[in-house]
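S.K.: Here is a sequence together with a model predicted from it:
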Amino acid sequence: MHFILLISALSLVEYVGDSNLKFYSRNHQTKNLVIGIVAYIFVVKLLIEALKKRNLILTNGMWDAISTIIATFLAFFILHERLNNWQQWFGLASVIVGVVFLNWGKQAR
């Protein structure tokens with residue numbers, strides 16, 4: 001469970017970085033650029049901690065999946081972005097099922 005919390009924190013920090021870099025790309029405010037870069041420094045630190053706990057395959061798969069879920073949720077509620085069709089919603093549901101399967105059984109180290 002600690003690993004999933006670590007990956008979730010990694011994904012939240014990545015979202016902060018991504019969203020600030022998105023804002024910077026549109027408004028060119030230096031504060032957004034700085035926040036985005038600092039967030040990615042923390043992403044690297046959290047990724048190193050995650051790699052100490054699990055192998056690269058599981059860490060990367062979980063990070064991609066949980067990041068997709070968290071970023072979609074936050075972009076929906078904070079940025080008011082939307083998925084456009086049932087195929088995209090099906091893809092998101094597949095990611096959620098993938099997280100379940102990645103955590104099924106004995107965990108690789």
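M.R.: That came in fine, so what should we check first?

S.K.: Only C-alpha atoms from now on, for both contacts and neighbour counts.
M.R.: Noted.

S.K.: Would you mark the buried spots in the host helix or strand of Leu74?
M.R.: Using DSSP states H and E, Leu74 falls within helix 56-77. Using 16 or more other Cα atoms under 10 Å as the burial criterion, the residues of helix 56-77 that qualify are 58-60, 62-63, 65-72, 74.

S.K.: Can you pull out the low-pLDDT segments for this structure?
M.R.: Screening the chain residue by residue with the criterion pLDDT under 70, one finds the ranges 1, 105-109.

S.K.: Which parts of it are helices?
M.R.: With DSSP state H applied, the chain shows helices at 2-27, 30-53, 56-77, 86-102, listed in chain order.

S.K.: helices or strands next to the longest one in the packing?
M.R.: Meaning helix 2-27. For helix 2-27, the elements it packs on are helix 30-53, helix 56-77, judged by 3 or more Cα pairs under 8 Å, 6 or more residues apart in numbering; DSSP states H and E.

S.K.: Would you mind getting the angle between that helix and helix 56-77?
M.R.: When axes from the mean of the first three to the mean of the last three Cα atoms, to 10 degrees is applied, the directions of helix 2-27 and helix 56-77 differ by 50 degrees.

S.K.: now swap in the last one and tell me
M.R.: Per the same axes, to 10 degrees, the angle that helix 86-102 makes with helix 56-77 is 140 degrees.
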